[in-house]
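>>> Starting from these lines, generate the structure:
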Amino acid sequence: MFLVLVAFVLLPGRAVGGEAFIQIFDLVEQNKTGPNDPLLVLTESSPAAGLFVVPKRYEYDLYPLDHMGTMTETINASSYIITLQKKGDSKVSYKHPFEEPLVLKTGDNAAIFVDAVGEDNVLLGTTCNTGPIPHPELDQAVIMICPPKTFELDKFAVIGSNTGCLGCKTGNDLHPKVENESVHFTIEDTNFPWIVNISYNGRSLCSSNHRYGDGGVYTLKVLPKETDGGNEQEYDCKLFSTVKPADFWKPIWVWFVVMVVLLVLVLCLTVVNKRYPTLRECVLQKLGMWDPEDEKADGKPSTRLQSLDTFRGLAITVMIFVNFEAGKYYFLTHAAWNGLSLADFVFPWFMFMVGVSIVLSVQSQLKRNTPKKVMLKKVTVRFIKLFLIGVFLNTSVPGGVELTAVRIPGVLQRIGFTYFVCSILEVLFVPRLSGAENYGGEKVEDNEYNECGKFLNDDPDIPEKKISNNWQYGENSEVNPVISEPVGQGWLTYLLRYTWPQLIVMVLLTAIWCVVTFVLPVPGCPVGYLGPGGIGDGGEHVNCTGGAAGYIDRLIWGKHMYQHPTCKPMYHTVVAHDPEGLLGSLTAVLTVYSGVIAGHIVVMLKGNKATVLTWLLGFTVVSLAAGLTMAKGSLTGGWVPINKNLWTVSFVAVTSASAYFLLALIYVLVDWKNIWCGAPFKSAGKNPLFLYVGSYILYNYFPFNWSTDDSHGMLLLQSSVGTAAWLLVGYYLDKKKKYYKI
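Numbering: from 1, shown residues only. I've put the predicted structure just below:
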């Protein structure tokens with residue numbers, strides 16, 4: 001018989017009399033008959049209450065345990081004699097295998113190994129005092145090595161590689177440390193399997209490829225193997241779970257089910273509201289929320305495209321959810337370097353909708369004969385305001401901001417810059433797009449788009465002033481009469497007559513990005529390097545994080561840039577990198593311009609919903625094909641990898657494709673088929689800037705944040721509650737007709 005018994009003891013407060021738990025592992029296949037199988041007996045050797053107190057005795061029946069089975073029982077902490085006895089026999093049938101009793105101290109975690117049978121059925125084994133039980137942080141695990149007593153603990157070495165760290169240097173030191181009679185090391189990221197090699201005095205003992213659980217504590221026993229007399233002693237390693245890891249997937253599945261239920265509920269309420277309008281009136285009257293005047297206003301047919309507000313609201317909602325850390329699930333937060341996660345889509349989606357808003361805002365002003373100089377002044381002032389608000393938000397640092405290291409780039413700064421560039425191009429080159437038949441066979445009223453550009457809110461209430469459709473802006477005068485184009489002429493051909501300068505600017509920006517990225521020499525780095533630096537790429541380019549983009553930012557911004565990039569925890573980078581840097585802002589203009597294209601489609605083809613859908617899906621396919629081609633069909637590699645930190649052109653193409661598709665889908669559900677009213681995102685889409693800035697400033701206040709357990713489930717709940725609270729704020733502002741602009 002080969003039997004391994006492991007006992008783990010965790011003491012909560014006192015050296016004696018406190019509770020502890022013992023885990024028993026039976027790792028051997030054996031014929032268990034029941035009556036003659038052994039009991040594990042713990043007998044208290046020095047009762048805490050005095051000499052005349054009967055010692056406590058704990059018996060654990062090993063018979064029910066299957067192979068690899070475990071048993072967990074609670075005991076009192078003290079000093080114990082460990083024996084094995086046969087069932088029904090009061091006499092000790094096996095000799096005590098340990099020379100001294102096991103002494104359990106406050107907070108200590110002890111392991112008992114009974115691993116061999118000697119002569120005369122004497123069980124042989126060892127104990128291992130692993131010290132206080134570790135408490136790993138979120139997404140970490142601790143392994144405690146229990147070696148033979150003859151080993152010198154300071155001669156252990158542990159190296160490991162995270163399989164999620166693509167192209168990383170292998171054999172990274174995991175910094176083992178001695179704790180009592182054991183050696184501890186930490187797995188820093190339990191989201192991916194780790195390849196771990198344990199060696200002693202330069203000789204490899206064992207290696208494994210294992211995915212450890214979040215918050216798990218493991219005991220690893222080093223056991224000698226049976227060998228021939230002349231051969232060198234070999235060893236085997238067995239891993240036991242000491243503290244059970246947290247359930248990683250359960251919270252996210254519960255959250256997903258709740259979201260699906262809420263979505264179905266919203267759809268059902270939409271259908272009920274349409275089919276039974278009097279039921280809604282009855283319910284609101286009973287709740288004291290019925291206002292006939294508001295209902296009359298809401299009942300008026302709206303020419304406003306609800307899908308635009310809905311998509312913008314969806315983008316800002318997910319952005320707030322991600323900023324609230326999204327439960328710290330790795331697939332809901334930003335990718336470490338190359339690749340995509342949900343968080344990597346939301347910023348491009350938002351910028352895409354900024355582009356759509358630009359078209360609608362400019363068209364609204366053109367219909368009111370707003371002078372071009374006034375429009376350009378508004379664009380410039382808004383850019384400056386966005387930039388300054390962004391810098392202000394960057395000063396929100398725990399403990400106070402260091403003025404000599406205030407971050408200059410940021411989210412609002414990038415939005416402001418890209419808005420400025422695309423707005424200037426739209427004002428200068430594009431005329432009024434609403435012709436007599438609007439290229440779709442439907443007459444378009446002058447104020448049809450006057451409220452669609454809600455990101456920057458160009459005058460939400462337009463005066464009821466009709467402007468003739470026979471005026472448009474020319475190149476050299478404020479307003480010029482125009483000759484209506486023939487209805488049969490293609491809308492795209494007509495549009496390209498005016499937008500070709502915009503396309504040239506986009507090509508130039510792409511060319512500048514490519515030349516600087518792939519040609520500019522960076523000291524100490526390969527030309528065209530796009531990697532994360534640190535231990536990435538085999539650790540050969542430690543100081544090259546971001547290549548040319550990172551080099552330019554560090555040269556210009558110095559300390560005034562982001563110091564903790566998303567790649568730092570995994571790739572152990574040592575230099576700063578700003579995801580909203582200068583070079584990436586050039587390609588970010590392409591993201592906004594993708595939205596401008598979508599805006600042109602919506603404006604010029606609104607009279608033909610099927611055609612709008614066709615063109616949006618067409619751009620989805622073209623953009624996706626372009627992005628995947630540049631990335632060679634890979635999410636993590638290719639000629640131009642998909643990378644948000646660098647805002648690569650492949651990243652622009654793939655995320656723009658997703659934006660075209662989502663806009664098409666929401667357009668069908670909300671504006672065409674009227675299946676969905678856009679709730680709960682539509683209201684948020686009318687005040688996105690207010691919600692974003694508010695969520696940033698009030699991040700540490702209840703109900704958006706509170707002290708909680710550092711677990712995925714509680715953090716996911718906190719993120720969801722905080723996001724829902726801001727959705728309610730958006731709904732309240734919309735009901736009160738309050739729309740904040742800059």
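
>>> Count the residues that sit near residue 126.
18 (other C-beta atoms under 10 Å). For the C-beta atoms, the positions are set from N, CA and C on the backbone; glycine is no exception.

>>> quick check, distance from the helix or strand hosting it to the centre of its chain.
Taking DSSP states H and E as the criterion, residue 126 maps to strand 123-132. Strand 123-132 has its C-alpha centroid displaced from the chain centroid by 41 Å (C-alpha atoms, centre = their mean, to the nearest Å).

>>> Now do the following helix or strand past it and strand 123-132, the angle between them.
Downstream of strand 123-132, the first helix or strand assigned by DSSP H and E is strand 141-146. Interaxial angle, strand 141-146 versus strand 123-132 (axes from the mean of the first three to the mean of the last three C-alpha atoms, to 10 degrees): 140 degrees.

>>> What is the helix or strand that strand 141-146 is followed by packed up against?
The C-terminal neighbour of strand 141-146 among helices and strands, as given by DSSP H and E, is strand 156-162. Contacts defined by 3 or more C-beta pairs under 8 Å, 6 or more residues apart in numbering; DSSP states H and E place strand 156-162 against strand 172-173, strand 182-187, strand 194-200.

>>> Need phi/psi at the residue nearest to the spatial centre of the chain.
In the chain, the residue lying closest to the centroid (C-alpha atoms, centre = their mean) is residue 333, at 1.1 Å. The phi/psi pair for residue 333 (degrees, to the nearest 10) reads phi -110, psi 180.

>>> check contacts around it.
322, 325-326, 341, 343, 566 (C-beta atoms under 8 Å, 6 or more residues apart in numbering).

>>> returning to that earlier point: so which of the helices and strands packed on strand 156-162 is nearest residue 133?
Residue 133 sits nearest to strand 182-187 of all the helices and strands packed on strand 156-162, at 10.5 Å, using C-beta to C-beta.

>>> Can you name the residues in contact with the closest one?
Contacts of strand 182-187 with the rest of the structure, by C-beta under 8 Å, 6+ apart, involve 128-131, 134, 136, 140-147, 153, 156, 158, 160, 174-178, 194, 196, 212.

>>> ok, now stretch 146-161?
So stretch 146-161 is in contact with 111, 113, 126, 128, 130, 145, 168-176, 178, 181-183, 185, 187, 194-202, 219-222, 224, going by C-beta under 8 Å, 6+ apart.

>>> 6 Å instead?
111, 128, 170-171, 173-174, 176, 178, 182-183, 185, 194-201, 221-222 (C-beta atoms under 6 Å, 6 or more residues apart in numbering).

>>> Repeat that for stretch 189-208.
139, 141, 155-164, 187, 209, 211-212, 214, 235, 237, 330.

>>> mind listing what's buried in it?
Neighbour counts over stretch 189-208 (16 or more other C-beta atoms under 10 Å) mark 189-190, 192-194, 196-198, 200, 205-206 as buried.

>>> Can I take it that residue 543 is in a helix?
No. Secondary structure assignment (DSSP: H, G, I helix; E, B strand; the rest coil) places residue 543 in coil, not in a helix.

>>> same question for the lengthiest helix in the chain, mean pLDDT?
In terms of residue count, the longest helix belonging to the chain (DSSP state H) is helix 491-519. Here helix 491-519 scores 92 as its mean pLDDT.

>>> now that helix: how far from the chain's centre is it?
32 Å.

>>> Could you tell me which residues within it count as buried?
491, 494-495, 498-499, 502, 505-506, 509-510, 513, 516-517.

>>> Check those against residue 733 and report the nearest one.
residue 502 (33.9 Å).

>>> which non-adjacent residue is nearest that closest one?
Nearest residue to residue 502, sequence neighbours excluded (C-beta to C-beta, 6 or more residues apart in numbering): residue 425, at 4.6 Å.

>>> what does residue 248 give?
Distances taken as C-beta to C-beta, 6+ apart place residue 214 nearest to residue 248, at 5.2 Å, with adjacent residues excluded.

>>> tell me the contacts of that neighbour?
Listed by C-beta under 6 Å, 6+ apart, the contact set of residue 214 reads 139, 190, 245-246, 248.

>>> Mean confidence (pLDDT) on stretch 621-629, please.
96.

>>> Give me the residue ranges of the chain where confidence is low.
1-40, 45-53, 60-108, 110, 112-125, 227-231, 276-281, 283-304, 433-489 (pLDDT under 70).

>>> now the residue nearest to residue 502: how far from residue 235?
69 Å (C-beta to C-beta, to the nearest Å).

>>> neighbour count winner among the two?
residue 425 (22 against 17).

>>> any idea how far that one lies from residue 596?
In terms of C-beta to C-beta, residue 425 sits 8 Å off from residue 596.

>>> do the same with residue 653
Distance from residue 653 to residue 596, by C-beta to C-beta: 15 Å.

>>> contacting residues for the residue lying closest to residue 520 once chain neighbours are set aside?
Excluding the flanking residues, the one nearest residue 520 by C-beta to C-beta, 6+ apart is residue 548, at 4.5 Å. Shown in contact with residue 548 (C-beta under 6 Å, 6+ apart): 516-517, 520, 522.

>>> Count the residues that sit near the residue nearest to residue 312 when sequence neighbours are not counted.
Setting aside the residues directly before and after it, residue 312 is nearest to residue 685 in space (C-beta to C-beta, 6+ apart), at 3.7 Å. Residues lying near residue 685 (other C-beta under 10 Å) number 26.

>>> helices or strands next to the strand holding residue 126 in the packing?
Secondary-structure packing of strand 123-132 (3 or more C-beta pairs under 6 Å, 6 or more residues apart in numbering; DSSP states H and E): strand 108-117.

>>> do that again at 10 Å, thanks
When contacts are defined as 3 or more C-beta pairs under 10 Å, 6 or more residues apart in numbering; DSSP states H and E, strand 123-132 packs onto strand 79-86, strand 102-103, strand 108-117, strand 141-146, strand 177-179, strand 182-187, strand 217-224.

>>> what helices or strands is the host helix or strand of residue 363 leaning on?
Element membership of residue 363 [criterion: DSSP H and E] is helix 342-367. The contact analysis (3+ C-beta pairs under 10 Å, 6+ apart) places helix 342-367 against helix 306-323, helix 372-394, helix 411-429, strand 471-472, helix 582-604, helix 649-666, helix 688-697.
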